[in-house]
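1. prediction below, plus the sequence it came from.
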Amino acid sequence: MDKRPIQNLADMLFTAEKSRQSIPPLTEISPGISVDDAYHIQLINVERAVLAGHAVSGKKIGLTSPGIQQQLGVAEPDYGHLFAAMACAGGTVATDELIQPKIEGELAFV
């Protein structure tokens, strides 16, 4: 995929996060998107966050269970970045700051 559609998809995710409004999955918006495209989109928004002053504090790995991978039709785990502002070590989580709050166990390296 060329740079413009990737940038447009990154912009859509960035806007969705800022407005706290969900959007359809990127695979529905752009059916030809590849895993490499998705990670490029992620890095665009990670760079935005770092430029805005957010500190990367770790990485997360998801879809580690073979059963979940099979259920979702993927062949390998995925990964993402954790920011210091995401930490919630006990206490209350402000769910009004989230789009679809839920709890899920994930591996994280900090």
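-> Okay, I see it. Here the structure is a predicted model, which means the values were calculated and not measured. Numbers count the residues shown, from 1 in each chain.

2. go ahead and confirm Thr27 touches Ser34.
-> No: assessed by Cβ atoms under 8 Å, Thr27 is found out of contact with Ser34, at 10.1 Å. In this view, the C-beta of every residue, glycine as well, is placed from N, C-alpha and C.

3. looking at this, Ala38 is in a helix?
-> Yes: under DSSP: H, G, I helix; E, B strand; the rest coil, Ala38 falls within a helix.

4. what's the neighbour count on Met12?
-> Neighbours of Met12 under the rule other Cβ atoms under 10 Å: 16.

5. what is the least confident helix or strand in the protein?
-> strand 107-109 (a mean of 64; mean pLDDT, DSSP states H and E).

6. name the residue most distant from the centre of the protein?
-> Taking Cα atoms, centre = their mean as the measure, the residue most remote from the mean C-alpha position of the chain is Gly91, 23.6 Å away.

7. what's near enough to touch that one?
-> Contacts for Gly91 (Cβ atoms under 8 Å, 6 or more residues apart in numbering) come out as none.
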